[in-house]
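*Asks:* Give me the fold of what follows.
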Amino acid sequence: MSSNGSVPGSRLGGLGDLSHSERSTVRCKLIVLSVATILTARLLFHAVFVPAFEGPDEPYHLGRIAAFADRPFLVALRGVALDGRIVGSVRARPCGTSFGCLPFGSEPAAFNLLRQRRAAPPASPVRNPENNQPPLFYMLAAAAIRLSHLEEPETRLLFVRILNVLLVGVGLVLLLRVPPYRNTRVFAACISVAILLPGAAESLARCSNDASVFLWSAATLLTLGRTWSPTKAVAVICLLCVGPLLKLTAFPVVSFALAVLWQETKKRHLVLLGAAASLLVFPLQLLRGWRWGGTYELNRPALALLETVAQTIIGFGRSVYTFVKTTFWLGGWSFFRAPLFLVGAYLALLLIIAVRSRPRLPTRRLAAHVIGLGVAALGFSIFAVANRRFFGVWGGVGGWYAWSWFPWLAVAVYDTRTWRPTALRPLLWSAAAFAGLANLLYYKAAYAIYR
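*Replies:* Numbers count the residues shown, from 1 in each chain. Reported below is the predicted structural model:
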């Protein structure tokens, strides 16, 4: 035994007995776990703070899960009306939706999922627009609920919120281990600042299928970052099948992955197999009666665009603006708005970050990222127009869709852009200060509404 009490050749003596590369690896793992733990705790706070069913569309997503938990599989797969027990639970507490409940302020609402309440009398079932969604996430969440023997809608709601927080936590660990970024503290710092924004918590720490797409995106990127082998090819193809079965917002990442498959293997059969696997969602959805797969607005009667070209351009711009600004602050299902100066500061910060960047040389997977961004832009455009035709107004596309793409978007930025060290530090501090201010103002505004 050495004089310091450690066993030679063992790992019991701490980092001092490790080589430089081994110490670097251990520190990296500690950084990854620390960052993921802190960010997961932040998301968990949001999950318990927000009142019951105040996350956008939460009753409908929970209804899909409840259908698989309580009804015969084929009946749930086809889609059923929103359970009257869930409708009754929403109406039994204050809310900011059109469910016929009392408004916020009639009783304390913040943290109300942590307070026991008598079971609410069931109400009449209502149509569930989330029946259009692919079924995989709802099936898996329902299986977890059955194993946990949870019955009350509010208990299930809290369970799914926490489940999604854990999915995001695992996704963060995977994202921070993607080669070649896993040894980059700057990458971890940028990820941390972004996830601290209120919009990230609003999008991912709620009852919906977006957190599962976040985890899937991170797993896909980690798999693509490894050395090519037959096992990796099979794993990528399986992931390409799974993503769209969670939500159709997976397709930008699917497009990126297919482009990487082609660029780095030149094997046409792998690309065709991957594409075919990703498209399996459409026959399944067709069997369920949803001819466009998972887009409620494209499966319903729509209004004509009775407006000039100029009005359409301006309206579409409003949808883009709404999408961008609600990535950092959505305002729950009540949609309470961020202060205008804060929105301006957010847009200015994004502009400064973009202007101060420069192309990374050599750029990694540029063509694949461009293809993925093109598919994302096309999907957004189609959905924005469909949303306008169905609801009659522009600006109805929330920024939560972007957070399911976040692992890929973060990698895309790091693959293609870089910043001088003299510019990076102040930009990071500015972004961190903005995230802190945004959280302070968000929770101040939210608590004033929910208390």
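
*Asks:* Just give the nearest non-adjacent residue to the residue nearest the centre of the chain, would you?
*Replies:* Nearest to the mean C-alpha position of the chain, by Cα atoms, centre = their mean, lies residue 404 at 3.0 Å. Spatial nearest neighbour of residue 404, excluding adjacent residues (Cβ to Cβ, 6 or more residues apart in numbering): residue 213 at 3.7 Å. For every residue, glycine as well, the C-beta is placed using N, CA and C.

*Asks:* The one you found: neighbouring residues, count only.
*Replies:* 29 (other Cβ atoms under 10 Å).

*Asks:* Do I have it right that the residue nearest to the centre of the chain meets residue 249?
*Replies:* Yes - using Cβ atoms under 8 Å, residue 404 makes contact with residue 249 at a distance of 5.3 Å.

*Asks:* Overlap in contacts, these two.
*Replies:* Contact criterion Cβ atoms under 8 Å, 6 or more residues apart in numbering; residues shared by residue 404 and residue 249: 210, 213.

*Asks:* for the host helix or strand of residue 244, packing partners?
*Replies:* Element membership of residue 244 [criterion: DSSP states H and E] is helix 230-246. On a contact count with 3 or more Cβ pairs under 8 Å, 6 or more residues apart in numbering; DSSP states H and E, helix 230-246 meets helix 136-148, helix 210-224, helix 251-265, helix 268-278, helix 281-287.

*Asks:* State whether residue 376 and residue 404 are indeed in contact, as I suppose.
*Replies:* No - taking contacts as Cβ under 8 Å, residue 376 lies outside contact range of residue 404: 10.8 Å.

*Asks:* on that earlier part again, mind telling me which of the helices and strands packed on helix 230-246 the model trusts least?
*Replies:* Lowest mean pLDDT within the helices and strands packed on helix 230-246: helix 281-287, a mean of 90.

*Asks:* who touches residue 128 in this structure?
*Replies:* With Cβ under 8 Å, 6+ apart, residue 128 has these contacts: 60, 63-64, 79-82.

*Asks:* And the residues you listed, which is closest to residue 243?
*Replies:* Closest approach to residue 243 among the contacts of residue 128 (Cβ to Cβ): residue 64, at 17.9 Å.

*Asks:* isn't there a helix covering the closest one?
*Replies:* Yes - Residue 64 forms part of a helix when assessed by DSSP: H, G, I helix; E, B strand; the rest coil.

*Asks:* Near it, how many residues? Count them for me, please.
*Replies:* Residues within reach of residue 64, counting by other Cβ under 10 Å, total 27.

*Asks:* Starting from residue 128, give me the distance back to the residue lying closest to it once chain neighbours are set aside.
*Replies:* Nearest-residue entry for residue 64: residue 138, 4.2 Å, with adjacent residues in sequence omitted and distances by Cβ to Cβ, 6+ apart. Noted for residue 138: a distance of 11 Å to residue 128, by Cβ to Cβ, to the nearest Å.

*Asks:* anything in contact with each of those two?
*Replies:* The contact sets of residue 138 and residue 128 overlap at residue 64 (Cβ under 8 Å, 6+ apart).

*Asks:* before we move on, the earlier item: please work out which of the helices and strands packed on helix 230-246 is packed deepest.
*Replies:* helix 210-224 (a mean of 26; mean count of other Cβ atoms under 10 Å).

*Asks:* Report the inter-axis angle for that one versus helix 136-148.
*Replies:* Helix 210-224 and helix 136-148 are oriented at 110 degrees to each other (axes from the mean of the first three to the mean of the last three Cα atoms, to 10 degrees).

*Asks:* And for helix 210-224, what's in contact with it?
*Replies:* With Cβ under 8 Å, 6+ apart, helix 210-224 has contacts from 136-137, 140, 164-165, 167-168, 170-172, 174-175, 177-178, 203-205, 232, 235-236, 239-240, 242-243, 246-247, 249-250, 253, 257, 260, 400-401, 403-408, 411.

*Asks:* Only whichever of those residues are buried, select them in PyMOL.
*Replies:* Filtering those down to the buried ones (16 or more other Cβ atoms under 10 Å) takes a single PyMOL command:
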select buried, resi 136+137+140+164+165+167+168+170+171+172+174+175+177+178+203+204+205+235+236+239+240+242+243+246+247+249+250+253+257+260+400+401+403+404+405+406+407+408+411
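
*Asks:* model confidence over the one helix or strand residue 319 maps to, on average?
*Replies:* Using DSSP H and E, residue 319 sits in helix 309-325. The predicted model assigns helix 309-325 a mean pLDDT of 92.

*Asks:* Okay, and which of the contacts of residue 128 map to helices?
*Replies:* Counted as lying in helices by DSSP state H, out of the contacts of residue 128, are 60, 63-64.

*Asks:* can you put those in TSV and add distance to residue 265?
*Replies:* Formatted as TSV, the ones in helices among the contacts of residue 128 follow (distance: Cβ to Cβ, whole Å):
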residue	distance to residue 265
60	40
63	42
64	37
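
*Asks:* Reformat those as TSV; add pLDDT.
*Replies:* Rendered in TSV, the data for these read as follows (pLDDT from 0 to 100):
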residue	pLDDT
60	95
63	97
64	97
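
*Asks:* for stretch 65-83, what is the average pLDDT?
*Replies:* 95.

*Asks:* residues in contact with it?
*Replies:* Against stretch 65-83 from outside (Cβ under 8 Å, 6+ apart): 59-60, 63-64, 85-86, 122, 125-128, 131-132, 135, 138-139, 141-143, 145-146, 153, 156, 160, 207, 288-289.

*Asks:* same thing but 7 Å
*Replies:* Contact with stretch 65-83 is made by 59-60, 63, 86, 125-128, 131, 135, 138-139, 141-142, 145-146, 156, 160, 288-289, as judged by Cβ atoms under 7 Å, 6 or more residues apart in numbering.

*Asks:* Could you do stretch 362-372 as well?
*Replies:* Taking Cβ under 7 Å, 6+ apart as the rule, stretch 362-372 contacts 252-253, 255-256, 259-260, 263, 408, 412, 415-416.
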